[in-house]
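Asker: below are the sequence and a predicted model for it; my questions follow.
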Amino acid sequence: MAYIPYRRDPSAFRFPLPNRIWKHHLKYPDFSVLAYLHYRHHRELPGRASVAELTGTLGLKPGAVRRILDALTRQGLVTPDLVPVVGREKYFSLPDEVFYLNLGSAAIAVYAFLLYRENRKTYQCTLSYKAIGYAIGASNNTVRKYVLELEAAGLIATARTVVVGADGMERNGCLRYTILPVQNAVELRDRQRLAALDAAVERQRVKERLAASARKGGPVA
C-alpha cells in the first residue's frame, strides 16, 4: 500500500493544558497520561480512554497506566470516568501531533514544559536541566536524553549560552531552547518513513535477484 504524506496544517490543531498542572509536581509518566486525557476531552473523542490506548500512545506498560489513572483519580485531577477536571483558568497549549510523533512520555513532558515557559513572541526560553527535571520529576541525565530526542525529531533547536562570573570569567550557561514549527517534525517524520519504505523495497529487490540467481546457478546481474 502506498504511503501518503501527512497534509494537515498542525498549527490549527492545538489543545489547552491548565497552567496549574505544574503545581501538582507530577512525574513525567503521570503528566503525559493527564495531558492525553485533556487532549481527548478537548477533541471530544468518543468513549472512555482505555488502558490499551494509553499504552500504545505513550509507550507505558499497562500496569503503570492503571496505577497512574488511579492516582490521578484520587488526586481529583480526573473524574472516575477519566474526564479531566477543568475550569476557567490560564492555560498554555500543545499541538495534537505530540501524541503522533512516536515520542515517549518523558519527551512529551519535557516538550510541554518548554512550551509552558517559552516567550510567546520569540518562541524561546532558557532553562537548566535541573529546572526541567524538577518540573517533571526526572534526573539531569534523563532530561538531557530527551532534549536530544526532541532535537532529533525536529521539534526544538538548542544553543549554549554564556554567563560571566563574579571573577569576570566566561562560563557555559544553560541551554536556550527555540520551539520550532511542529510542521518541521511532521515533514521530517514523513521523509524518514518514505526513506524506510524505499530501503525496504530495495532490500526486497536484492533478495529476489539473489533468489533468481541461486535458481539459475549464476552470478547476480
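Answerer: Perfect, thanks for sending it. Keep in mind it's a predicted model, so treat the numbers as computed, not measured.
Asker: in the protein, which spans are strands?
Answerer: Applying DSSP state E to the chain gives strands spanning 14-18, 91-95, 124-127, 156-164, 170-179.
Asker: and of the ones you listed, who's closest to residue 148?
Answerer: Each of these has some distance to residue 148 by Cβ to Cβ; the shortest is strand 156-164, at 8.9 Å. The way it works is simple: take the backbone N, C-alpha and C, and place the C-beta from them, glycine included.
Asker: list the helices and strands the closest one packs on?
Answerer: Contacting strand 156-164 under the criterion 3 or more Cβ pairs under 8 Å, 6 or more residues apart in numbering; DSSP states H and E are the following elements: helix 140-152, strand 170-179.
Asker: how many residues are close by residue 54?
Answerer: By the measure other Cβ atoms under 10 Å, the count of residues near residue 54 is 24.
Asker: how about the spatially most central residue of the chain, what does it touch?
Answerer: Geometric centre of the chain, nearest residue: residue 108, 3.5 Å, by Cα atoms, centre = their mean. By Cβ atoms under 8 Å, 6 or more residues apart in numbering, residue 108 lies in contact with 28, 31, 32, 35, 58, 98, 99.
Asker: tabulate those residues in a markdown table, adding columns for distance to residue 47.
Answerer: Listed next are the contacts of residue 108 as a markdown table, based on distance: Cβ to Cβ, whole Å:
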| residue | distance to residue 47 |
| --- | --- |
| 28 | 26 |
| 31 | 23 |
| 32 | 20 |
| 35 | 19 |
| 58 | 18 |
| 98 | 21 |
| 99 | 17 |
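Asker: and which of those residues is nearest residue 155?
Answerer: Each of the contacts of residue 108 was scored against residue 155 by Cβ to Cβ, and residue 98 proved nearest at 8.4 Å.
Asker: per-residue pLDDT, the closest one?
Answerer: Per-residue pLDDT puts residue 98 at 93.
Asker: not counting sequence-adjacent ones, nearest residue to it?
Answerer: The shortest distance from residue 98 to any non-neighbouring residue, by Cβ to Cβ, 6 or more residues apart in numbering, is to residue 108 (5.6 Å).
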